[in-house]
Each structure stands twice: as structure tokens, then as C-alpha cells.
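Enquirer: Need coordinates for the below:
(2 chains)
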Protein chains: 2
Amino acid sequence: MTRTAAIIGGGVIGGGWAARFLLNGWNVTISDPDPEAERKIGEVLANARRSLPALSDVALPAEGKLRFCASIAEAVTGAAWVQESVPERLDIKHKVLAEIQAHAPKGVVIGSSTSGFKPSELQQGAVRPGEIVVCHPFNPVYLLPLIEVVGSDGPAAATADKAHEILTGIGMKPLKVRKEIDAHIADRFLEAVWREGLWLIKDGIATTEEIDDAIRFGFGIRWAQMGLFETYRVAGGEAGMAHFIAQFGPCLSWPWTKLMDVPELTDDLVKTIADQSDAQSGMHTIRQLERIRDDNLVSMMRSLKGRNWGAGALLNQHDARLKALEPTPDFARPLPTLDRVVPISWTDYNGHMNEARYLEAFSKASDRFMEIIGCDAAYIAAGNSYFTAETHLRHIDEALAGDRIRVETQLLSAGGKKYQIFCTMYHQDGRLLATAEQVLIHVSLQTRAATMPPSDIADKLARIAKLHAALPIPEGVGRHVGQPR
Amino acid sequence: MTRTAAIIGGGVIGGGWAARFLLNGWNVTISDPDPEAERKIGEVLANARRSLPALSDVALPAEGKLRFCASIAEAVTGAAWVQESVPERLDIKHKVLAEIQAHAPKGVVIGSSTSGFKPSELQQGAVRPGEIVVCHPFNPVYLLPLIEVVGSDGPAAATADKAHEILTGIGMKPLKVRKEIDAHIADRFLEAVWREGLWLIKDGIATTEEIDDAIRFGFGIRWAQMGLFETYRVAGGEAGMAHFIAQFGPCLSWPWTKLMDVPELTDDLVKTIADQSDAQSGMHTIRQLERIRDDNLVSMMRSLKGRNWGAGALLNQHDARLKALEPTPDFARPLPTLDRVVPISWTDYNGHMNEARYLEAFSKASDRFMEIIGCDAAYIAAGNSYFTAETHLRHIDEALAGDRIRVETQLLSAGGKKYQIFCTMYHQDGRLLATAEQVLIHVSLQTRAATMPPSDIADKLARIAKLHAALPIPEGVGRHVGQPR
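Expert: This is a model prediction of the structure:
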């Protein structure tokens, strides 16, 4: 049965949570007194729909149902998860949490998006304190995987474990914080950096743009894939971490940071920052910046999938979970071998999916066909594989970023070391986009030479070939480039 | 004439500088008293050679000459750039700088890699203080573009400008720091974060791995593309930066960060950190971690090239500079349309360049051919382009990450809205890797329908077609998939 997540408090964070759950197949209810909530959440959802599915190389589950509710009571009734994202005032949070617990099913997970309060503070006066944990997300919630889960050192330990499982299921990276602490972990770093940034601007050392450049052309790129300690471990070299600390440690007592003190946020300083920020980014609207940011994040996170590292490894794990749910195909039909969304990073200067990405999609479809016949990751790790020897592609229609595409694969022939397939790509709207005819050859990954496949693979191929021989021969088989129709 | 950069002080940082200059066509001399210097720099160079060229979509200049010198005097003689990367002690730096200035040409740029000292401190007692600036890099220097250039507010202002120009020429991002300050800009942030990290570990809130995860699954990914202020500008939404500060500002006086105080680096704390780091990363050697990091960085920075943003925009600008140096091709021969290195992100589970990346390379070659006939970026921006309708690919041999490949393009026919080309891909060692036969059609980007090309493009095509008709027809033209040889 489809579960329901109740989002209490909309806005950018609540909207991001709604999108995460909705696009991962949950039903979502929303309660927010803001008369603009529906519009605002609609905008976040539009951003999410154009970016989150593109992180995945398989199809996400069918979207859940979204319902705006007139009250907290209505929203939380029957919910399996309640996410509170109301303003950062403890009295407001206590009132809202009390109302949630008055109407939500017992045993529900109540996650708070608070960036500052500790679970023990939120739990004060609650009827069931053990249901309340901190689940602190990062903007944009629909793309960034990190969630700080705080509360495992108190009465909500079991709820924290349950939260961990559910968050993993919607593709996130729950980080269990061992002990509750003001501002959890990440915001302590962000605040330290923010405070130092204010000093640099106040003292005229750097503008907002220069500070941003000092981050994104340097340590920011490092931190997208290894954090502080792993980076320094590498910098320390063979001598190791203790050596690195011995070298770097003394600097801590040098008078570098000004953080012992807080700069006063005078009107002048605020104006300086706002003016510098306008000069830096004012040529883009906030909506444009959001899309630039999301397209950058999707492209970078997808590139880490290729390395199977960090956020990319997490995405691969999530894809594997989704793939495990796919039904066994009917071998008497062309086999469904791909169902996915075109990511922005697959498009080119012509504004459409680049020709090479058509082949990337067909290549992934070919991988899926290989899996079906038994040439899966384990088989390849054991030292054999199929290599593509030859491909003929026809580009019949365009696909754009965000379009959902699917591929069907028909086995034309199989025998000896080879098999030949014909793949057809369709748009979600039914349009024929492209075809690919390919010959693949079984090889040893040690000798890199052609070898006979083992009998179980040969048998599977023969079985499919026999069934597919009864199918009509697709239009375009055997075509050469430039051949008249 | 090839210019020379003298690297004074090797190690990871000096080695990274050597690689940057060398792989961008400079000669490099090195002076380092460490008897292990040649081995250590050789290791850094090996890392750089397998990653830096893969950031580029064109060929880098031919590598310069590398020479190890017995003395500073020998190394700096005739140098156009001297980079000092000796230990962080002011007395050592003064001694080395004096020796450099005793032998280097007058007017040379002397950059110091110091992370802590100000130019005015380095310049104390110098015979020509105006030659000495801080050029502070980030590890790995051969990949991360940021260089903090400090000194423009003192006697070395002209040298700082010269440094800016030279650093841009070797693909870096010089950041002019307006006023000298201890630790410049980025290290002030890094130190603040490091200090807070030590507290979190000391207090048992998080391990090194958990802290790294809090960074790389959250704000670290954001900071690889937008820094602190642009990120918060987006978070602030339409209300703008001043509104964001009004919201966030008060938190600064909350007791979140512990930075008012420095944790004592007791033996116990150092051991805790070293042990946690072993548990987190000990399954990889430092050499493995370096390669994982570099492959991650190359993949992410390449993905930002696709968005033309941040470090990716910088790389595109550098490619454009290199491309402008390419000679006009001889139209009577097959046209050289690609010369590049295979990046790690183009390889797949079979350990070689993925089939789709063969087509990506051919697609880039096709773009180059389009440029040659006049269908360049400006022409496309004006609303017309060529779309590939059909492709036949043969994969004849394998290419691996780091391999240099080139493509030659022969025009088979041109007329009306179409032209047909045959492209051949070679490995640097001469091996034939693949062929591609393609038909392209001239289209209007408004109507997305086929249209006649303008006469200047048609004439250029006709001229090349006439010349190429005299060339032998390549083996494989007109072949269909599975056709016997």
C-alpha cells in the first residue's frame, strides 16, 4: 500500500521534502497556513520534477498523490511520516508538534527540519517524546542526499532507526548524529565559514564573488567528493594523519581566524553584502539560479555515479534497489531494456539529446539485455563480457532534457561468439525516436580476444532467438548509411 | 620561445606546480635538497599526466623539458617564473628568496606558495621586493584551478598583474586578493572548519568519517559550483540577500560554534583522529586515494564543462585558447578533426572507452568539421545547424583512459540539404581504433525541419567534396551491420 508523508510547513524546505517523497512514490499531504503555499510548493515541485528523475538511470516509481489540507489534523491522519518545517521558534514548534501528536497514528515518525534545536528541546512536554527526531535536510532537499538524523541518544532511538530506513528508501543519506548538540554537525561548519566571510567583507579583503570563487575553484570541488579529513589524509601522504596534524596543528594557535568575535551586522555591512551579491549574481533571477544550481548538481552527481563514489555511489545503490523491483520480461516480445529520463547533461548546443547519448542509452539497453541472458556484473567480474563490434543508428526524432524514453530490444540472430540485436527507442508520448542495430561479440577480458560463451548463455540466447524469430523483422534492419528508403 | 619556470622546493606542492607548467608547454627546472625529490616529483607528475590532459577536449601543447638542478642559482638562471615552495618558516623563506634574487633575471615573477605569510613579510630585506608575490595554490595543484595572488596592494602590484596573466595562460584561476592578510582567504575558512571538526571529534559528536559525510553529501556538493553567498542568495529567494541575512544573522550570537577556543591537541586526541581516519580510509593506500580523488575531480570538473559554469567555464575558456592556435587544415587531405586524451569518465566496466564515447569523439570531430565549413557557434546561435540523421560505427580496437586519440574526416558527398562523411579514429601509437560513417542534414533550429544551407556553406562543402573525391574511398564505406568482410 502506498504510504503517506505529511508535510507540515511548506516553503522551500517543506516543498523539497514533498518532492522527495512524491517522486519516490509516496502520497503527500501538506498543511501550511500561507495562502501562497500551493503556488510556492508547486514551484519547488516543478524544479524537482525536472532534476530529481534525471539523477536516476532507471525509472522512478509512479508519482504519489499530492493533497493540500486545511488543517494539521487532516494532513497527519493516516500518515507514516510527518515532517515539521515550521519557523525556528521553539514555542511554535511545541504547539505544532502537540497538534501533530493529537491526530497522527501512534508510532509515526515525526521528523523536524530544525537546523538549531535539539531533539530533547523539541520533545519537551510531548505526549509521546519517542516519536520526535530531528531530520535536518539541505537545500535543495530534492537533490542533496544528506539528512542529519538526531535523537538516537534519547527516548526516540527506535524512531531514529526507523527514520534511517525510510530515508534510505527515498534515496537519501541519513547521517546518525551520535549525541544531540546545538546546530547538529554541518551547520556548525557553515556558521563558522559564514562568520569568517562576514569579517572578510567588512574588512574589505574580498567581495562576495571573490569569496565564492575562493570556495568553488578550490576546496569546494574537493569537498564534493572527499571531506575534510580524507582530503588531509591524502595531503599528509604516506606519513599519515598523525604527521599531518603535527604539521598543521600549530597553525591553530596563529591569529588567522577572527572567529573569536562576531561582526556586528550594521545596516552598512548588510548593504555592502547585498550590493556585492547583486553585482555577482544579479544578472540571473532566483529562478534561473535555482535551475543553474540544479543542473550543475545533477551533472556533478551523475559524474560521481560513473566513479561509484560518494553521492554517486549512493545514487547507484538507489538505482539497484529500484531495478530489483522490475518484473521479469516476457521473452516472446521485444524485451523492455531501458526506461529512464534524459538528464540535462545529455543535451548539447542544439538543445536536444546529443547523438552520442542516444548510443549511451542504447548501450545501457544492451547492458540490460546482457544481464537478461546471464552476462551480469558478477559474470563480467569473473572475466568475460560482450563487446560491441558494430552499430548502425538512425536518429528519427528529437528528445529533450526531462523527456522519459524507453527502449525495446529484439534479438535478430545468435550463434557462435556473436549475437545481433535491433533496438528501438520511443518517447513517453509514443513517438519513435531512434533505432540501433548492433553486433556484439563474446570476449575474454584477460586476452581481450573473442571466445565462445558458456552453454547457459548460449542456451538463453537460443531460446530468445527462437521466440523472437516469430516477431516481424523491424523496418530498417540491414540498412547502410545513406541508403534510400 | 619556450619559457622556463623554476620550481624551488619540490614535494607535493612544488611537484604540482612543475606538472602545471610542464604539461602546459613550459620548460621546468627544479631545485630541492631532498635526495628523494626526483622520485617524489616523478610520482606527482605521473598523477598529473594521467589526469590533467583529460580535463581538456583539445590537445595540450607539447610537454616542456624537465631538468633537476644542483642549486637554486642553476635553476633560476633564465627563468621567467620562480615558484618558491619551501617550508613555512620565515627565516628559511628569506634565505631562499635572497638566493633566488641573486641569480634570477631582473623582472622575474617570484611566486611564493606560502599559506600563511603576507607578501610584506616575504619582501622584508629583499633587494627587489617588487618581484615577490604570494601565489598560493591548492592541492592537487595540477587539477585545482584556484591560485590566491596576494601583493597587489604593495610594491609588487605590477608583478601581481603579470602573475595573473601567466597563471591564466596555464589554465589556472588567479584570485587577486585586495589586501594582504594572514592566511589569505581560503585557508581562513579551512582553518575555521578544521578547528570546529576537532571539537566535534573531541566531544564524541562525530567521527572523521561522519564529518566527511556531513560535508560531501551536503554543502560540499553545493560549493563545487556556487560558493557561500550565491548559495544563500538562492536560499533567500525573491526576498533577496538582505532578507536572508536578517533571518540568518541572529543565529550568529547563538552558542553554536565552539571556535572561541582552541582544542588542545593532546596525544589522545591525535590518536583518536588517526584511528578514525584509518577506519574510514585505511582500506586504500595514499596512492589509491590520490587517484580516486583525481578521477573524481576530473569527472566533476568535466561535468561542469557541459554546464559552462565555474571551473567548467574556466576549462572551456582554456580549450578555446588552445584551439585558436590550431593551424588551418589542408583541404586536399582527410581533415584532422579531433586530437585529445580519453578521460576516465569515458570508460566503463569493461575497462575501456565505452562505445557511446567513441560516438562522442566522432560527434566532436563532426562539430569541428561543421566549424570548418562555416557552421560554427555563431552560425548555430543565429538559428541553423546540422543534425546527424544516421551513423554506422565499427569498433576495431580498444582505447583506455589516458590514451591520446585523433580523428580524420573525409567528405564522401555533399549536395542539397545533406552531406555524408567518413571518420577514422587512430590511437597515438598508430592503431586504427574505429570508423564512423554519417549523414548530416541542415536544419532550422526554429522549425526543427530540414532546410537548404546558405551558399557560402554549400560552396565550401562543394570545394572540399571536389578535393576529397580524389582521395581513395575508405574501406568500410556503405557497410551494413553484420555484413561479411
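Enquirer: and A:Arg302, that's in a helix?
Expert: Yes. Going by DSSP: H, G, I helix; E, B strand; the rest coil, the assignment for A:Arg302 places it inside a helix.
Enquirer: do the helix or strand of chain A with the lowest mean pLDDT and chain B meet at all?
Expert: Least confident element among the helices and strands of chain A, by mean pLDDT, DSSP states H and E: helix A:241-248 (a mean of 73). Yes. In terms of Cβ under 8 Å from any Cβ of the partner chain, part of helix A:241-248 sits within range of chain B, namely A:Met241, A:Ala242, A:Ile245, A:Ala246, A:Phe248. C-betas here are computed from N, CA, C, even on glycine.
Enquirer: which one is the second one nearest to, not counting chain neighbours?
Expert: Spelled out, that is A:Ala242. The spatial neighbour of A:Ala242 that comes closest, neighbours along the chain excluded (Cβ to Cβ, 6 or more residues apart in numbering or on different chains), is B:Ala274 at 4.5 Å.
Enquirer: A:Phe244 is in contact with the one you found, correct?
Expert: No. Assessed by Cβ atoms under 8 Å, B:Ala274 is found out of contact with A:Phe244, at 9.1 Å.
Enquirer: before we move on, back to that, I'd like the residues of helix A:241-248 next to chain B as CSV, with neighbour count appended.
Expert: Compiled in CSV, the residues of helix A:241-248 next to chain B are given as follows (neighbours: other Cβ atoms under 10 Å in any protein chain shown):
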residue, neighbour count
A:Met241, 25
A:Ala242, 17
A:Ile245, 21
A:Ala246, 14
A:Phe248, 17
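Enquirer: Near chain B, which residues of the stretch 1-150 of chain A? Just list them.
Expert: A:Val12, A:Gly116, A:Phe138, A:Asn139, A:Leu144, A:Pro145, A:Leu146, A:Glu148.
Enquirer: top of those by neighbour count?
Expert: By neighbour count, taken as other Cβ atoms under 10 Å in any protein chain shown, the most surrounded of these turns out to be A:Pro145 (28 neighbours).
Enquirer: Please list all residues in contact with that one.
Expert: Residues counted as contacts of A:Pro145 (Cβ atoms under 8 Å, 6 or more residues apart in numbering or on different chains) are A:Gly171, A:Met172, A:Lys173, A:Ala311, A:Leu314, B:Phe217, B:Gly218.
Enquirer: And for the first one, the neighbour number?
Expert: Counted with other Cβ under 10 Å, residues neighbouring A:Gly171 total 23.
Enquirer: what about the residue nearest to it when sequence neighbours are not counted, how many residues close to it?
Expert: Across the structure, with Cβ to Cβ, 6+ apart as the measure, the residue nearest A:Gly171 apart from its sequence neighbours is A:His318 (4.3 Å). Counted with other Cβ under 10 Å, the burial measure for A:His318 works out to 23 neighbours.
Enquirer: Just the CA atoms of the helix or strand hosting A:Phe369, as PDB, please.
Expert: Taking DSSP states H and E as the criterion, A:Phe369 maps to helix A:355-372. Listed next in PDB are the C-alpha coordinates belonging to helix A:355-372 (Å, rounded to 0.1, in the frame of the first residue of the first chain):
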ATOM      1  CA  GLU A 355      23.800  11.800 -30.800                       C
ATOM      2  CA  ALA A 356      26.300  10.100 -28.500                       C
ATOM      3  CA  ARG A 357      23.800   9.900 -25.700                       C
ATOM      4  CA  TYR A 358      21.400   8.100 -28.000                       C
ATOM      5  CA  LEU A 359      24.100   5.500 -28.200                       C
ATOM      6  CA  GLU A 360      24.700   5.700 -24.400                       C
ATOM      7  CA  ALA A 361      21.000   4.900 -23.900                       C
ATOM      8  CA  PHE A 362      21.200   2.000 -26.400                       C
ATOM      9  CA  SER A 363      24.400   0.900 -24.700                       C
ATOM     10  CA  LYS A 364      22.600   0.800 -21.300                       C
ATOM     11  CA  ALA A 365      19.800  -1.100 -23.000                       C
ATOM     12  CA  SER A 366      22.400  -3.500 -24.400                       C
ATOM     13  CA  ASP A 367      23.800  -3.900 -20.900                       C
ATOM     14  CA  ARG A 368      20.300  -4.800 -19.700                       C
ATOM     15  CA  PHE A 369      19.900  -7.400 -22.400                       C
ATOM     16  CA  MET A 370      23.300  -8.900 -21.400                       C
ATOM     17  CA  GLU A 371      22.000  -9.100 -17.800                       C
ATOM     18  CA  ILE A 372      18.900 -10.900 -19.100                       C
END
